[in-house]
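>>> Show me the folded form of this:
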Amino acid sequence: MSTGRALSATLLTMLLALMATAPRPLLAQDIKPYDDRLLRLSEILGAIHYLRELCGANEGQLWRDRMRELLDAEGTSALRRAKLTRSFNQGYNSYSRTYRACTPTAQTAISRFLAEGEQIADGLVRTIP
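Numbers count the residues shown, from 1 in each chain. Have a look, this model is predicted:
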């Protein structure tokens, strides 16, 4: 299993465990204290989706699928889905404007995003009841 796929599986497992234990909010309470971290994680997934493909990872829609799973778990309203999707697209678009070829800097960004995404997911699992 490639490092990207292994980290993806780890992130997904942590997120799904988190989502399964999180209570479902009422529509009026659709803002959660960890939303800023979910938005950042969404942005990271978008950036990784672009950069991994650019650098020849041949993972297809792996990172977009992880985002879809996050949306299924946390997109409890149209507004939440829109915010999470906007963050994913922002990450994807900002790096597609910056990088046109896989460079050492792009590879460093991938490594940093994978580490940050894992750290965010880990933190969410530890802090949410």
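>>> in the chain, which segments are predicted with low confidence?
Scanning the chain for pLDDT under 70 picks out 1-29, 128-129.
>>> Of all the residues in stretch 100-115, which ones are buried?
Buried residues in stretch 100-115, counted by 16 or more other C-beta atoms under 10 Å: 102, 106, 109-110, 113-114. Where you see a C-beta, it was placed from the backbone N, CA and C, and this is true even at glycine.
>>> which helices and strands does the longest helix along the chain pack with?
Scanning the chain for the longest helix, with DSSP state H as the assignment, gives helix 104-127. In terms of contacts (3 or more C-beta pairs under 8 Å, 6 or more residues apart in numbering; DSSP states H and E), helix 104-127 is packed against helix 3-21, helix 35-54.
>>> how about the buried residues of stretch 100-115, which pair is most distant?
Among the buried residues of stretch 100-115, the pair separated by the greatest distance (C-beta to C-beta) is 102 and 114, at 15.3 Å.
>>> Just give me the closest of the buried residues of stretch 100-115 to residue 90.
Once C-beta to C-beta is applied, the member of these that ends up nearest residue 90 is residue 113, at 13.5 Å.
>>> Please name the residues that touch that closest one.
Residue 113 is in contact with 44, 47-48, 51, counting by C-beta atoms under 8 Å, 6 or more residues apart in numbering.
>>> Look up the closest residue to residue 46, ignoring the ones flanking it.
Among residues not flanking residue 46 along the chain, residue 91 sits closest, at 3.0 Å (C-beta to C-beta, 6 or more residues apart in numbering).
>>> Correction: the previous question concerned residue 89.
Closest residue to residue 89 apart from its sequence neighbours, by C-beta to C-beta, 6+ apart: residue 46 at 6.0 Å.
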